[in-house]
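A.B. asks: would you be able to build a 3D model of this:
(chains A, B, C and D)
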There are 4 protein chains.
Amino acid sequence: MSLNTFGHLFRVTTWGESHGPAIGATVDGVPPGVALTEADLQPWLDRRKPGTSKFTTQRKEPDEVRILSGVFDGVTTGTSIQLMIENTDQRSKDYGDIAQSFRPGHADITYHQKYGLRDYRGGGRSSARETASRVAAGGVARAALAALVPGLKITGYMVQMGAKTIDRTRFDAAQIEENPFWCPDPVMADEWAVYLDDLRLNHNSVGAVIEVVAEGVPAGLGAPLYGKLDSDLASAMMSINAVKAVEIGDGMSAAMLTGVENADEIRMGPNGPEFLSNHAGGILGGISTGQPVICRFAVKPTSSILTPRKTINQRGEDIELITKGRHDPCVGIRAVPVGEAMMACVLLDHLLLDRAQTGGKRGKIGQ
Amino acid sequence: MSLNTFGHLFRVTTWGESHGPAIGATVDGVPPGVALTEADLQPWLDRRKPGTSKFTTQRKEPDEVRILSGVFDGVTTGTSIQLMIENTDQRSKDYGDIAQSFRPGHADITYHQKYGLRDYRGGGRSSARETASRVAAGGVARAALAALVPGLKITGYMVQMGAKTIDRTRFDAAQIEENPFWCPDPVMADEWAVYLDDLRLNHNSVGAVIEVVAEGVPAGLGAPLYGKLDSDLASAMMSINAVKAVEIGDGMSAAMLTGVENADEIRMGPNGPEFLSNHAGGILGGISTGQPVICRFAVKPTSSILTPRKTINQRGEDIELITKGRHDPCVGIRAVPVGEAMMACVLLDHLLLDRAQTGGKRGKIGQ
Amino acid sequence: MSLNTFGHLFRVTTWGESHGPAIGATVDGVPPGVALTEADLQPWLDRRKPGTSKFTTQRKEPDEVRILSGVFDGVTTGTSIQLMIENTDQRSKDYGDIAQSFRPGHADITYHQKYGLRDYRGGGRSSARETASRVAAGGVARAALAALVPGLKITGYMVQMGAKTIDRTRFDAAQIEENPFWCPDPVMADEWAVYLDDLRLNHNSVGAVIEVVAEGVPAGLGAPLYGKLDSDLASAMMSINAVKAVEIGDGMSAAMLTGVENADEIRMGPNGPEFLSNHAGGILGGISTGQPVICRFAVKPTSSILTPRKTINQRGEDIELITKGRHDPCVGIRAVPVGEAMMACVLLDHLLLDRAQTGGKRGKIGQ
Amino acid sequence: MSLNTFGHLFRVTTWGESHGPAIGATVDGVPPGVALTEADLQPWLDRRKPGTSKFTTQRKEPDEVRILSGVFDGVTTGTSIQLMIENTDQRSKDYGDIAQSFRPGHADITYHQKYGLRDYRGGGRSSARETASRVAAGGVARAALAALVPGLKITGYMVQMGAKTIDRTRFDAAQIEENPFWCPDPVMADEWAVYLDDLRLNHNSVGAVIEVVAEGVPAGLGAPLYGKLDSDLASAMMSINAVKAVEIGDGMSAAMLTGVENADEIRMGPNGPEFLSNHAGGILGGISTGQPVICRFAVKPTSSILTPRKTINQRGEDIELITKGRHDPCVGIRAVPVGEAMMACVLLDHLLLDRAQTGGKRGKIGQ
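C.D. replies: Down below sits the predicted model:
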């Protein structure tokens, strides 16, 4: 992975800034013959779209994706696919203040130091707007996965906002699409609504934890030792804006377990090995076990808040800065479809990598 | 990153199995003219070496590293460096049991399923023995970093074993080398000794959390959007055996913070920007800020324990398995020098990447 | 290099088909702060543009390039640059015949066999139209090179058409832009005009040899052993449509020389080493010597001709096929600006690679 | 491809210098379950071995290859394979002269300029000795190809020495192994013997052209647009020491053809398409056609000759230099097995790449 491309064989290169004319992704390595139209991609983008509730940025973007290449007669041709999303709501305004100041918690200061200049309009390249391109690319990955591994299913949801964690005994997958938080616990969803509204009105924001689960992943995906499935998931999720940690299976809590507790015991089932638990999150030695692949990541609170914070400007002067604009009070919410998209891209990539090396054959157990 | 190579420009390819004749690393992209001898690498390997206390495997390996290429007259030539470590203590024994059975929590079953066969001797390629190659490669990275960024310093230590976390008010860097746990809190080190001894005698093991800090990292390292510094660290640390989570800065706890708390405020200091806190762990937008880069990772408990666990064998039969052998009761201990090595490799890689694109110039603040 | 991306650090990913809505290139790894506007790129595209004389395709394409990202306030920001060229003259027509038949000498049959389907409109992805994207990307490379290596100059020209080779004693660089063949020998240019017109009227076409020379290339570029400068040039030029051979320096003729003749002898000049000849084409051991880098490539004759040729269709029937359309009688002509663009991309890429590893320092000779 | 690694999925990283303790290759991405022993590799190395006739260097190297990893119980495990060849005949001698002087036609001066220092013993890393590692890696590729594409056959031979070209009407494949030149024309082999002996006694050397043909290559290999099969072959062959040009099919002569002559016409045969000629060298649009893949490359004359040549030393003084030592009068001879090895590596790599993207399915023609 390097600069603006990720993936080994299914490779996604994103481009575009928050307030430029358009953003997009060049998606390469797609298997030929996969049914794909813009209508297949749009629903994923609609889920990430800003302005859908008071809990997300009020920027109005239709986020309509166009396929400019790589698809012919409704199927992929195996050549590079260009996905373009025009920016339509880049408000023309005076950026004078932000242009010269460094918002705390933002990439303003590091982009300035690295590149010597930056596109300060709406965060430029470091804006979370870029994640729309990932979601579009993830839609392509999902289409290919649907063709290659029919049973595979990817589900993302939020499990924690601030210190408020869902109660897993109330977990109801059907609830995820029923609230603005992608929350599988309806009680907690209500609680979050009150909590976040309060934070928003107090010019504050808050962090969150997102969980993404992939069911139906075949055993054998992952390329040890440096293209391990968990390693690539860690990289993919950590590359999402504001993410500060990535966990697989029990994650940080694995440190608390003893060996007796941690080992996922195995029994032989009618269709092959069955694990009695899934502390491993579906990955052993960097390779999928056939169990659900479970990945979590923590998103820090939105740094753009209306509360004044101490910072400096480009002239090296100490100032206090309020970040006006249309910001998400909990940027983690919109990270859910992004996390799903990254999961889809990584899984397809590893499906292709595995097919290359092994031809997709699996070692026999039993018989 | 792919298969057995990691890094963009400073590239490390490892090879070798636990019980083969040797293991090693091919290290490529090293700047020319860096002073390097085997004596520069050996101390790092000695820190990771097995058999140094009762808390690590009793396998006896001198882990002597030889430089077979890429160094001439005591300096690197800019060509590929081959580092070889001979395996000397591969006990000849009957592997019959392990050869046909899948140890729970191990990569046995996934390697078998992916590749159709596996080198079962001591875990073969999936053994943590491979990390000796990383430590050797990390030594090369440290030598180059010493030449290019004289003030840079990397320190790893253990901050948690099981549920027992260090008290940061007792943090004393000088203590790290004074106990078998790389523990900066001497009180906790004593507590861990008792705790781990008990676990070991009860045929159990336990997980841990390691923290690796790099001080003196220049601002501007990291290649957004998909070669971000944190993204590459996440991938590098997650690729280490038994690691289940990676955190940058506040990590998972960032989810608990509000925006007001999380923003690392900035003031102008005599030598440039100064941050009033470091929730970000020294990385904003995937680029280093100049603050210490802070990375933590969780290591699951050693899966090889003498307590019987349910599993299956290759014939698909349900069995109970005890894993005999010479195993670390807390594999996290020896992960400390490995984490340091990965940090060194990633930082050098990004130093070169940044020098390629920007020439190392930094944007001006003040004056 | 893989699929639709080339380059190590300066990376170009192209996309788009001959008759789709647009084509373009995502250009990554560009140094920040390079002055760049669409007006800097357009002249290079105008040189490659179809329809400029009766010797090139009569397709009318303005080939206007738009910069959609990566440039702010007239300078590059160091982020990915999206270059888009809309297709405006995709004649709507019945492709029935070509859709089901394989034109001899074309990629029709191999695309069909590999991908199971193909975009047959105007050759789809395999059309030479894609080279417009390369020329646009090459314009970005030239802008960066102009900033980093002011004296560097790249010149392409045609040296052979069919069996008719230029007379090097008449070589006049000023003539290159004065005829439709980029021919430095004005006498031969006239001869080619008559020759090619005759071929064209006889429904035939012909091959050509293009030479691209880069002057002012610093010594030290090239990354042995598998990123050698000549190796990357070979790959880059061979990837151009219809190219069947690539030569560096004396090329195939090097086989005819003895060691005494071939050695480029060296004398010390006022500004460093001076070579008494340049059989090597400016590259020794895969690294530039500081002499002009000389590369030649052979382009086969356009396969699309009005003369009927034996072939088969998708149903497996033997047929005779005439390829109607608007085709270049000598596709080599428009390959000249493409070869220049590839040279520019490769040189910038290696400048960055070298800067990464060595910091750009050169070993001392003398003093 | 970069620095010391080549290949997309079947990746070879070579290491080692002419006069260091050993050389070798780390081979990654090999399919699991391929039968492989040292005895499978040794015959290929024996063909390249020095000292087999008076026409090759008199250095005596057994070139015994050891497999240090990645193979278990006689089959590949899918993990990285380390191949090591010890250097045994590095004569201890005074390098004083060569250490400070730049041999014309060698990489001495460019390595010095790029890296600031060089391992001058026997050419160090730039020595053709490195090609033994390629041949060993090529042996691994051949073993995998034998398992995956049983009918595939790779044959290399010399077609030209100096101005003396074989007569293709006398082409007899059985002769290739019968003379020291891998010459398929026995009459020319005798002529070369006299010619080269004369050159050698006159302290001179000469260039050559090698042709490598792969038969039985399935249609569909190659990854347009920047991983084209011909593009990767060009890069692979150009990376071999002393190579100055690479041709596919008609190569440079394609420039001489008209479109009528060049088109390889197609008829339907009992087992699929049949081409009536093979000007294309088995590759159209960067993808294999199913015909023999034909590649040629020119090797310049050995630069190390006993005839004095003008050059400079590191102090910048003009000198005359004779290169003593044990050198091949026609280095092209030993390039034959190297070219075959590179062909094998590139074909296996593309077989895996194709399998990843398409699953190996082929588009239907007929029925």
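A.B. asks: A:Ser288 against A:Gly281, yeah?
C.D. replies: No. Contact criterion C-beta atoms under 8 Å: A:Ser288 and A:Gly281 do not qualify, at 9.8 Å. All C-beta atoms are positioned from the backbone trio N, CA, C, and that covers glycine.
A.B. asks: list the contacts of A:Val260.
C.D. replies: By C-beta atoms under 8 Å, 6 or more residues apart in numbering or on different chains, A:Val260 lies in contact with B:Asn204, B:Ile305, B:Thr307, B:Arg309.
A.B. asks: out of those residues, which are inside helices?
C.D. replies: Among the contacts of A:Val260, no residue falls in helices (DSSP state H).
A.B. asks: and the contacts of the helix-or-strand element of chain A with minimal mean pLDDT?
C.D. replies: Here the helix or strand of chain A ranked lowest by mean pLDDT, DSSP states H and E is helix A:96-100, holding a mean of 79. Here helix A:96-100 makes contact (C-beta under 8 Å, 6+ apart) with A:Asp108, A:Tyr120, A:Asn313, A:Gln314, A:Arg315, A:Leu321, A:Thr323.
A.B. asks: tell me if the next helix or strand after it is near chain B.
C.D. replies: The first helix or strand that comes after helix A:96-100 along the chain, using DSSP states H and E, is helix A:108-115. Yes. Residues of helix A:108-115 are located near chain B by C-beta under 8 Å from any C-beta of the partner chain, namely A:Ile109, A:Thr110, A:Tyr111, A:His112, A:Gln113, A:Lys114, A:Tyr115.
A.B. asks: from the contacts of helix A:96-100, which is closest to C:Gly249?
C.D. replies: Nearest to C:Gly249 out of these is A:Tyr120 (C-beta to C-beta; 48.4 Å).
A.B. asks: okay, now the closest one: neighbour count?
C.D. replies: Residues lying near A:Tyr120 (other C-beta atoms under 10 Å in any protein chain shown) number 23.
A.B. asks: quick check: chain neighbours aside, which residue is closest to it?
C.D. replies: Leaving aside its sequence neighbours, A:Tyr120 sits nearest to A:Ala99 (C-beta to C-beta, 6 or more residues apart in numbering or on different chains; 4.6 Å).
A.B. asks: what separates the one you found from A:Asn87, distance-wise?
C.D. replies: As judged by C-beta to C-beta, to the nearest Å, A:Ala99 and A:Asn87 stand 19 Å apart.
A.B. asks: more neighbours: these two, which one.
C.D. replies: A:Asn87 (20 against 14).
A.B. asks: the nearest residue to the more buried one once chain neighbours are set aside bridge partners, please.
C.D. replies: In this structure, A:Asn87 finds its nearest non-sequential neighbour in A:Ala22, 5.9 Å apart by C-beta to C-beta, 6+ apart. Beta-bridge partners for A:Ala22, by DSSP bridges, are A:Glu86.
A.B. asks: what's the neighbour count on A:Ala22?
C.D. replies: A:Ala22: 19 surrounding residues under other C-beta under 10 Å.
A.B. asks: kindly report the same for A:Arg66.
C.D. replies: 16.
A.B. asks: contacting residues around the residue nearest to it when sequence neighbours are not counted?
C.D. replies: Distances taken as C-beta to C-beta, 6+ apart place A:Met84 nearest to A:Arg66, at 4.9 Å, with adjacent residues excluded. By C-beta under 8 Å, 6+ apart, the contact list for A:Met84 reads A:Ala22, A:Ile23, A:Gly24, A:Val65, A:Arg66, A:Leu68.
A.B. asks: stretch A:51-69 - what's its average pLDDT?
C.D. replies: For stretch A:51-69, mean pLDDT is 84.
A.B. asks: same question for stretch A:180-188.
C.D. replies: pLDDT averaged over stretch A:180-188 gives 97.
A.B. asks: can you give me the buried ones in it?
C.D. replies: For stretch A:180-188, the neighbour count (16 or more other C-beta atoms under 10 Å in any protein chain shown) marks A:Pro180, A:Phe181, A:Trp182, A:Cys183, A:Pro184, A:Asp185, A:Pro186, A:Met188 as buried.
A.B. asks: redo those residues as a markdown table? Include secondary structure and distance to chain B.
C.D. replies: Listed next are the buried residues of stretch A:180-188 as a markdown table, based on DSSP: H, G, I helix; E, B strand; the rest coil; distance: C-beta to the nearest C-beta, whole Å:
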| residue | secondary structure | distance to chain B |
| --- | --- | --- |
| A:Pro180 | coil | 18 |
| A:Phe181 | coil | 13 |
| A:Trp182 | coil | 15 |
| A:Cys183 | coil | 14 |
| A:Pro184 | coil | 17 |
| A:Asp185 | coil | 16 |
| A:Pro186 | helix | 21 |
| A:Met188 | helix | 14 |
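A.B. asks: now, which of those residues lie close to chain D?
C.D. replies: Contacts with chain D are made by none of the buried residues of stretch A:180-188, judged by C-beta under 8 Å from any C-beta.
A.B. asks: now for the longest helix along chain A, which elements pack on it?
C.D. replies: If you go by DSSP H, chain A has its longest helix at helix A:332-358. Here helix A:332-358 touches helix A:38-48, helix A:131-148, strand A:153-161, strand A:208-215, helix A:229-238, strand A:293-299, helix B:108-115, helix D:332-358, going by 3 or more C-beta pairs under 8 Å, 6 or more residues apart in numbering or on different chains; DSSP states H and E.
A.B. asks: so what strands line up beside the fourth one?
C.D. replies: The reference is to strand A:208-215. strand A:153-161 (antiparallel), strand A:293-299 (antiparallel).
A.B. asks: with mean pLDDT and mean neighbour count added, can I get those strands in JSON lines?
C.D. replies: Below are the strands paired with strand A:208-215 laid out as JSON lines (pLDDT from 0 to 100; neighbours: other C-beta atoms under 10 Å in any protein chain shown):
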{"stretch": "strand A:153-161", "mean pLDDT": "98", "mean neighbour count": "22"}
{"stretch": "strand A:293-299", "mean pLDDT": "98", "mean neighbour count": "28"}
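A.B. asks: and the gap between the residue nearest to A:Tyr120 and B:Ile287?
C.D. replies: 19 Å.
A.B. asks: so A:Glu340 is in contact with A:Lys153, correct?
C.D. replies: No. Counting by C-beta under 8 Å, A:Lys153 is not a contact partner of A:Glu340; they are 10.4 Å apart.
A.B. asks: flag every buried residue along the least confident helix or strand of chain A.
C.D. replies: By 16+ other C-beta under 10 Å, the buried positions in helix A:96-100 come out as A:Ile98.
A.B. asks: tell me how far that helix is from the chain's mean position?
C.D. replies: 29 Å (C-alpha atoms, centre = their mean, to the nearest Å).
A.B. asks: specify the local secondary structure of A:Ala189.
C.D. replies: Secondary structure state of A:Ala189, per DSSP: H, G, I helix; E, B strand; the rest coil, is helix.
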